[in-house]
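K.L.:
here's my sequence, what's the structure:
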Amino acid sequence: SAPSPQRCRRPCAPPYGDMAAALVQYVVLRGDLARPPRSWPLGAVVAQGCHAALAAAHAYREHPDTGAYLELGGAMRTVVLEAPDEAALAALAQTLRQHRIDHRVWTELPEDIPTCLALRPYPKDQVQRHLKGLKLLK
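P.N.:
Presented below is the predicted three-dimensional model:
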């Protein structure tokens, strides 16, 4: 027999319909980590983004947008952007705090290096203007 669908432990997010499709999680990685002189391996940089995305989803797990985003499963949309360096990442974090945009900064330990930040899932039109100066990570 086929497995039964998973049930939410707490009330499931409301059905957002088209709005759920517009939800996106933005992840902003420091581009300088992969370039000399740091030259971190690709896997290490990707791991930073994964840590930040999970930290943001966990921190805001009770928010209806997070629940709706996670319910999308394979249709979740994530945009990975690049902050040129630590100063740019810190400036972005400050801007997000000023505008009360929910996010988490990931700091690699024990080195104590801020490497990445991720927003909780948001409707794109609510946060995109705060991320305009950033390019897609390449």
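K.L.:
please, which helix or strand holds the most centrally placed residue in the chain?
P.N.:
The chain has A118 as the residue nearest its centroid, 3.0 Å off, counting by CA atoms, centre = their mean. Secondary structure from DSSP states H and E places A118 in strand 113-119.
K.L.:
run through who's touching that strand.
P.N.:
Strand 113-119 is contacted by residues 25-30, 33, 45, 48-49, 51-53, 55-57, 83, 86, 89-90, 92-93, 96, 101-108, 127 when judged by CB atoms under 8 Å, 6 or more residues apart in numbering. Where you see a C-beta, it was placed from the backbone N, CA and C, and this is true even at glycine.
K.L.:
quick check, Y60 in contact with T66.
P.N.:
Yes - between Y60 and T66 there is a contact at 4.9 Å, judged by CB atoms under 8 Å.
K.L.:
intersection of neighbour lists for these two?
P.N.:
Jointly contacting Y60 and T66 under the rule CB under 8 Å, 6+ apart are R120.
K.L.:
and R120, its phi and psi?
P.N.:
R120 adopts backbone torsions of phi -70, psi 160, taken as degrees, to the nearest 10.
K.L.:
beta-bridge partners for the residue nearest to the centre of the chain, please?
P.N.:
Residues in a beta bridge with A118, per DSSP bridges, are V27, R104.
K.L.:
please renumber the chain so that the first residue is 493 from this point on.
P.N.:
Got it, the first residue is 493 from now on, which makes the last one we talked about A610.
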